[in-house]
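Enquirer: Mind folding the following:
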Amino acid sequence: MNEHTIRNVVIVGGGTAGWMAAAAFSRFLDNGVARITLVESEEIGTVGVGEATIPPLLTFNRMLGINENDFIRETGGTYKLGIEFDGWGDIGERYFHPFGAHGHDLGGVHFHQLYLRERKRRVMQDISAWSMSAVAAQAGKFARPAEGAQSAVKELLYAFHFDAGLYARFLRRYAEAGGVQRIEGKIVDVALRPDDGHVAAVKLEDGRSVEGELFIDCSGFRGLLIEEALATGYEDWRHWLPCDRAVAVPSRYSGDPDPFTRATARGAGWQWRIPLQQRMGNGLVYCSDFMTAEAAERELLDNLEGEPLAEPRHLSFVTGRRKLGWNRNVVALGLSSGFVEPLESTSIHLVQSGIAKLIALFPDQRFNAIERDEYNRQMRDLYEDVRDFVILHYKATRRSDTPFWDRCRNMDVPDTLQRKIDLFRAKGRVFREAAELFATTSWVAVCLGQHIVPEEHEPAADALDEEKVAGALEQMRQGYLQVAAQLPSHGDFLRHTGASLANAPAALAAVPAQGEPSFSFASETPFNFSANPL
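Expert: Numbers count the residues shown, from 1 in each chain. Next up is the predicted model:
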């Protein structure tokens, strides 16, 4: 602690981004000096479409010490093992993008290279048959791997679906218990310091002024501080990601929730389906160049699996990012920092990453430019990584049934993505650079699922005995099926945690606060993949 230590952090805006930041700061900036204040107005709603997540959120919750059973119960949460894509390669086709790995590497050769070699020898099932997460998801099964679980169960990598509003409320309780002060009020003006243009304070409608040294902009698409006050600028990505509208509506559903998200391609965009405990989250993301808001609403309502529970809500957005996520003494998080449509459920992860990087590069009142520049570089790389992976889904389509898909199929893509496509198309190679978010499994799942089939495989795959490889692959496939058959259903697992499901029997007795469900499979797996069969 010294005279340069930041003592007042002001978070502008609540919602998921604001309360994630508040919760994390209350945990990691508790130095006895820093005061954290969050300013939000009940009059201003939040978007709340980011109800599906990816596995890194597990790390965020665990770092905060959040008990997973409590989290699931209080956010209306369900488990997610991956995403099912319907109609993206061509109409009527489906593939699964799982969390976790495809199979096991053998003899130092990537599993998917061995799979590619086998595909040339014989008819093979989809590569998802060699993913524990995909096999369990398609069977409607789930178990949380316990410490000491055998290999196949450990491969059940998962994330969550939840009500974003309930998650924000859950984190608010956590943050306020940790000392965060919430101020109710509508911001009407921003005061800048005359000497360096840094934000000095935000002024509220009732005349109050909230001063700070570091400001976190969580004000949504508006970008109250980062854009309206500091004129940071925005990089528009609509050339590659032309969807700019969405309409969302919750609906009823019957039966137990699926442990996966579904993304169904439509004529001018795509529809999401996110199963929660008490409702189904639905929405249609579309391009206004090819579809009106009225037509989008009709298409969404016509394709619901149950009756709508509210009036459809319309949203507009511009895909892209702020040119600087950290400008002067303002750091933008969430929609203030940029937006990539939620096709791969990355919205909340981008918030989480921004928080983690800011804590790792936390400034003092001198605001060293090297720290700010490093933050901006890392966040730029992350946004562009997510951007390229989402573009891949649009570019790698065979659909020619509508002008929208013709445009997507024929568009130029960033050089960074084209290089990856070309490398995969040649010999199925995937090279991850720096701290890229999406692993080899993700690129393989989407490329093969949408017909980017390599012309050859890596030569190293030919060094392994064909019959032994074939036997090992079949042993893996059968092993995954056997494990999945023993897992509880997703609904049963949720009820065991104390979740309350719609149209389902009453919940079982809740698991003790720090307990694990008895069927989390510590050692009952009938197959162990740890031994190398070659």
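
Enquirer: Now residue 330, what are its backbone angles?
Expert: Backbone torsions of residue 330, given as degrees, to the nearest 10, read phi -120, psi 130.

Enquirer: Share the number of residues neighbouring it, please.
Expert: Close neighbours of residue 330, defined as other C-beta atoms under 10 Å, add up to 27. All C-beta spots, glycine's among them, are computed from the backbone N, C-alpha and C.

Enquirer: ok, now which ones touch it?
Expert: By C-beta atoms under 8 Å, 6 or more residues apart in numbering, the residues touching residue 330 are 199, 215, 216, 217, 225, 226, 229, 230.

Enquirer: One more: residue 73?
Expert: 497, 498, 499, 500, 510.

Enquirer: what's the weakest-modelled helix or strand in this protein?
Expert: helix 151-154 (a mean of 84; mean pLDDT, DSSP states H and E).

Enquirer: For stretch 281-301, buried residues please.
Expert: By 16 or more other C-beta atoms under 10 Å, the buried positions in stretch 281-301 come out as 281-287, 290-291, 296-297, 299-301.

Enquirer: Using PDB, write out the CA atom coordinates for it.
Expert: In PDB, the C-alpha atoms belonging to stretch 281-301 read as follows (Å, rounded to 0.1, in the frame of the first residue of the first chain):
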ATOM      1  CA  GLY A 281     -34.900 -20.000 -23.300                       C
ATOM      2  CA  ASN A 282     -35.500 -19.300 -27.000                       C
ATOM      3  CA  GLY A 283     -34.300 -16.700 -29.500                       C
ATOM      4  CA  LEU A 284     -33.800 -16.000 -33.100                       C
ATOM      5  CA  VAL A 285     -30.600 -14.200 -34.200                       C
ATOM      6  CA  TYR A 286     -31.000 -12.800 -37.700                       C
ATOM      7  CA  CYS A 287     -29.800 -10.300 -40.400                       C
ATOM      8  CA  SER A 288     -32.100  -7.400 -40.900                       C
ATOM      9  CA  ASP A 289     -31.000  -7.100 -44.600                       C
ATOM     10  CA  PHE A 290     -32.900 -10.400 -45.200                       C
ATOM     11  CA  MET A 291     -35.700 -10.500 -42.600                       C
ATOM     12  CA  THR A 292     -38.000  -8.100 -40.900                       C
ATOM     13  CA  ALA A 293     -38.600  -8.000 -37.200                       C
ATOM     14  CA  GLU A 294     -42.200  -9.200 -37.800                       C
ATOM     15  CA  ALA A 295     -41.100 -12.100 -39.900                       C
ATOM     16  CA  ALA A 296     -38.400 -13.000 -37.300                       C
ATOM     17  CA  GLU A 297     -41.000 -13.000 -34.500                       C
ATOM     18  CA  ARG A 298     -43.400 -15.200 -36.500                       C
ATOM     19  CA  GLU A 299     -40.600 -17.700 -37.300                       C
ATOM     20  CA  LEU A 300     -39.500 -17.900 -33.700                       C
ATOM     21  CA  LEU A 301     -43.000 -18.400 -32.400                       C
END
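
Enquirer: Contacts for that stretch, please.
Expert: Stretch 281-301 is contacted from outside by 49, 51-52, 161, 242-251, 266-275, 304, 308, 312, 314, 316, 341-343, 402-404, using C-beta under 8 Å, 6+ apart.

Enquirer: Identify those among these that sit within helices.
Expert: Assigned to helices by DSSP state H, the following of the contacts of stretch 281-301 qualify: 403, 404.

Enquirer: In PyMOL, how would I select just the buried ones from the contacts of stretch 281-301?
Expert: The PyMOL command for the buried members of those (criterion: 16+ other C-beta under 10 Å) is given here:
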select buried, resi 49+51+52+161+242+243+244+245+246+247+248+249+250+251+266+267+268+269+270+271+272+273+274+275+304+312+341+342+343+404
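
Enquirer: So which of the contacts of stretch 281-301 sit within strands?
Expert: Cross-referencing the contacts of stretch 281-301 against strands under DSSP state E gives 161, 245-251, 266, 269-275, 314, 316.

Enquirer: Could you tell me the end-to-end distance of stretch 184-194?
Expert: Using C-alpha to C-alpha, to the nearest Å, one end of stretch 184-194 lies 27 Å from the other.

Enquirer: got a list of contacts for that stretch?
Expert: Residues contacting stretch 184-194 (C-beta under 8 Å, 6+ apart): 12, 39-44, 198-206, 208-209, 219, 224-225, 228-229.

Enquirer: Just the buried ones from these?
Expert: 12, 39-40, 198-202, 204, 219, 224-225, 229.

Enquirer: Return the member of the buried residues of stretch 281-301 nearest to residue 235.
Expert: Relative to residue 235, the closest of those is residue 287; by C-beta to C-beta it sits at 18.9 Å.

Enquirer: Check the contact between residue 240 and residue 392; I expect there is one.
Expert: No: between residue 240 and residue 392 there is no contact under C-beta atoms under 8 Å: 10.2 Å.

Enquirer: How far off centre is stretch 125-135?
Expert: Distance of stretch 125-135 from its chain centroid, counting by C-alpha atoms, centre = their mean, to the nearest Å, is 21 Å.

Enquirer: Pull out the buried residues from it.
Expert: 127, 128, 129, 130, 131, 132, 133, 134, 135.

Enquirer: Endpoints of it, how far apart?
Expert: Start-to-end, stretch 125-135 (C-alpha to C-alpha) is 12 Å.

Enquirer: same check, this time on stretch 436-443
Expert: 12 Å.

Enquirer: who touches it?
Expert: With contact meaning C-beta under 8 Å, 6+ apart, stretch 436-443 is reached by 97-98, 100-102, 110, 112, 131, 344, 346, 349, 382, 385-386, 389, 392, 420, 424, 430, 432.

Enquirer: ditto for stretch 106-118
Expert: 101-105, 124, 127, 130, 428, 440, 444, 454, 457-458, 460-464, 469-470, 472-473, 532-534.

Enquirer: Stretch 85-96 now?
Expert: So stretch 85-96 is in contact with 82-84, 97, 126, 128, 131, 134, 137-138, 260, 262-266, 270, 393, 396-399, 401, 445-446, 448-451, going by C-beta under 8 Å, 6+ apart.

Enquirer: Figure out the length between the terminal residues of it.
Expert: With C-alpha to C-alpha applied, stretch 85-96 spans 6 Å between its terminal residues.
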